[in-house]
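K.L.:
I would like the atomic coordinates for the input below:
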Amino acid sequence: MRRVLSHSAAGALALLIALGCFAASAQAAPRPPLEHEGRWFTDDRGRVVILRGFNLVYKVGSYRPRDTGFGRDDARFLRRHGFNSIRLGVILKGLEPEPPGTDGRPSYRRGYIRSLARTERTLARHGVFTLLDFHQDLYNERFEGEGWPDWQTIDDGVPSEPKQGFPTNYLVNAGLQRAFDNFWANTEVAGRGLQDAYAAAWRRIAGKFRSNPFVMGYDLINEPWPGSAFGPQGCGNPAGCPVFDSTTLTEFSIRVLNAIRSVDPTTLVFYEPLVTFDFGADTSHGDTGDAQAGFSFHNYCLPGAFGGPGSGPSCESLEDMVFSNADKQAEETGDVPFLTEFGATDDLETIERIVRLSDEHLISWQYWHYCDCEDPTTSGPGIQSLIIDPAKPPRGENLKRDKLLVLARPYPRAVAGTPIELGFDPGARELDLTYSTRRPDGTRSRRRLDTEVFVPRVQYPNGYRAEVEGGRVVSAPGARVLRIERRRRAAEVAVAVKPAP
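P.N.:
Just a heads-up that it's a prediction; the model follows:
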């Protein structure tokens, strides 16, 4: 990244040196509702919004994230450290565990919906946006996973064999392939096609949450798998599964999106590529034609995936390929990209590498996972989380502080213009940001509209100094949110945040 500072022109540089403790300040956080302008999230004031956050998905028991112990202290923790989004898991088996009654009406669990709504309200009160996610891994418990209810798991009697756990069952379990095949075929069960029932469940959720301003979007399906089409179509290659993507998967996304739009015409809707995208394969998912569509993707490097070199720093080329593929999808469709999963590890170098690449590609992210939450389908018990037990306070031995230091980075949560470059040097603890004063639609940002940079105390326990070219600092000394106003004729603004001397 090029240097963004110049000390040559007097008056062009505003310097703020904040020493000691952070002062309290009014925080004009990104204002809901969130929309998008091309590849950028935007808030109600037209500023580009960057999101940082976590997944919160409870895959067992009641499927209710509140039952993990997640509550107000966790929401306060998120706000205090600058995290402004949560991907909140909805398990279809928890929503509709039983088939329709004799009248044909779906049997949705009202208590389950109310529990999700309480969690969302808790987050909203602390300024945290929620992405609702219909989550599945390996379709159903029958295949050592979770997701669809038993009555929608149609395997035609094909045995769930062999059982080799997550994620290997995607490749080897015959019953799992048949269940996905029936889903993609929209096979009828209890008087409805499986995809029709799925779309109806989404319509019920969207109808409940459509008026909640901090519900930023709906993630249609977590990590879809093509079923038996994976082998015949040769999906295990850098091109992915073009035929399946452009037909079956795109048609499914449009079907569910249309069901949501029948009750909620404006909230962002995110479609996902096949799970193979996570490891470097491309996607051919088509344009949904929806003005408020987003592209939710994940980034992992599994040892030996698609002939890859394994985990660790050698994965960087594959991980960067995932970001490049996401950039291409956003450019082709005009949809906003969002990295909604990565991590699931205690390897800090891997986490640092992904967040650095996210900065380079100017993409928002959500780490997997906030807590272990008894997850049966992950990289291993005890290693994926930031908080060990959400039922306990998020501090002390219950908090992985070294991981927090990697994830809680200074970043521009709202930009009055369009980001150009963003980078953070964790060794020097220096943030460099450059942005155009023109918004993504090409219009000039209002001069009095602030850019907000969140400056976490864990990175700057003794304070920070901010150097700004093309703008001036308008926040109080030591404010946790650094607020910057552009100068009258500035075309670009450059910001550096460093530890106080």
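K.L.:
if I look at Cys102, how far off is Tyr108?
P.N.:
Quick fix: residue 102 is Thr, not Cys. To Tyr108, Thr102 is 16 Å away according to CB to CB, to the nearest Å. Where you see a C-beta, it was placed from the backbone N, CA and C, and this is true even at glycine.
K.L.:
Now the residue positioned nearest the centre of the chain: which helix or strand?
P.N.:
Nearest to the mean C-alpha position of the chain, counting by CA atoms, centre = their mean, stands Thr340 at 2.6 Å. Using DSSP states H and E, Thr340 falls within strand 336-342.
K.L.:
For that strand, output the C-alpha coordinates as CSV.
P.N.:
Provided in CSV are the C-alpha atoms of strand 336-342 (Å, rounded to 0.1, in the frame of the first residue of the first chain):
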residue,chain,number,x,y,z
VAL,A,336,-22.7,-6.4,-2.9
PRO,A,337,-20.1,-9.1,-1.8
PHE,A,338,-20.0,-10.1,1.9
LEU,A,339,-17.6,-12.6,3.5
THR,A,340,-20.0,-14.2,5.9
GLU,A,341,-17.7,-17.1,7.1
PHE,A,342,-14.0,-17.6,7.7
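K.L.:
Name the surrounding residues that touch that strand.
P.N.:
Contact partners of strand 336-342, identified using CB atoms under 8 Å, 6 or more residues apart in numbering, comprise 36, 38-41, 51, 55, 87, 131, 133, 219, 268, 270, 278, 293-300, 323, 326-327, 329-330, 351, 354, 358, 363-368.
K.L.:
Mind checking which of the residues you listed land in helices?
P.N.:
323, 326-327, 329-330, 351, 354, 358 (DSSP state H).
K.L.:
ok, so of the residues you listed, who is nearest Asp181?
P.N.:
Nearest to Asp181 among the ones in helices among the contacts of strand 336-342, counting by CB to CB, is Gln329 at 25.7 Å.
K.L.:
Next, count neighbours for the closest one.
P.N.:
Using other CB atoms under 10 Å, Gln329 has 22 neighbouring residues.
K.L.:
circling back: of the contacts of strand 336-342, keep whichever come out buried.
P.N.:
Among the contacts of strand 336-342, the ones that count as buried by 16 or more other CB atoms under 10 Å are 36, 39-41, 51, 55, 87, 131, 133, 219, 268, 270, 278, 293-300, 323, 326-327, 329-330, 351, 354, 358, 363-368.
K.L.:
Which residue ranges of this structure form helices?
P.N.:
72-80, 92-95, 110-125, 169-172, 174-184, 194-209, 242-244, 250-261, 316-333, 348-361, 401-407.
K.L.:
helices or strands next to the second one in the packing?
P.N.:
Taking 3 or more CB pairs under 8 Å, 6 or more residues apart in numbering; DSSP states H and E as the contact definition, the neighbouring helices and strands of helix 92-95 are helix 110-125, helix 194-209.
K.L.:
residues touching the residue nearest to Cys235 when sequence neighbours are not counted, list them.
P.N.:
Nearest in space to Cys235, with sequence neighbours left out and distances taken as CB to CB, 6 or more residues apart in numbering, is Cys241 at 3.6 Å. Cys241 is in contact with 226, 229-230, 233-235, 274, 276, 281, 284, counting by CB under 8 Å, 6+ apart.
K.L.:
Buried members of these into PyMOL, please.
P.N.:
To isolate the buried ones among these in PyMOL, judged by 16+ other CB under 10 Å, type:
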select buried, resi 226+229+230+233+235+274+276+281+284
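K.L.:
and of the contacts of Cys241, the nearest to Asp181?
P.N.:
Minimum distance to Asp181 across the contacts of Cys241 is 7.8 Å, recorded for Ala229 (CB to CB).
K.L.:
Tell me how many other residues surround the nearest residue to the closest one once chain neighbours are set aside.
P.N.:
Closest residue to Ala229 apart from its sequence neighbours, by CB to CB, 6+ apart: Phe244 at 5.0 Å. Residues lying near Phe244 (other CB under 10 Å) number 22.
K.L.:
so Phe244 makes contact with Ser228?
P.N.:
No. Using CB atoms under 8 Å, Phe244 is not in contact with Ser228, being 10.6 Å away.
K.L.:
Of the helices of the chain, give the one that comes closest to Gly423.
P.N.:
For those, proximity to Gly423 was assessed by CB to CB; helix 348-361 is nearest, at 5.4 Å.
K.L.:
can you give me the mean pLDDT across that closest one?
P.N.:
Per-region confidence: helix 348-361 scores 96 on mean pLDDT.
K.L.:
I'd like to know how far the residue nearest to Cys235 sits from Leu362.
P.N.:
Taking CB to CB, one finds Cys241 at 28 Å from Leu362.
K.L.:
One more: Asn169?
P.N.:
Asn169 sits 36 Å away from Leu362, going by CB to CB.
K.L.:
If you count surrounding residues, which of the two has more?
P.N.:
A direct count of neighbours by other CB under 10 Å for Asn169 and Leu362 places Asn169 higher, at 25 against 21.
K.L.:
and the more buried one, what does it touch?
P.N.:
138, 143-145, 163, 176.
K.L.:
Ile363 now?
P.N.:
Counting by CB under 8 Å, 6+ apart, Ile363 touches 323, 326, 337-339.
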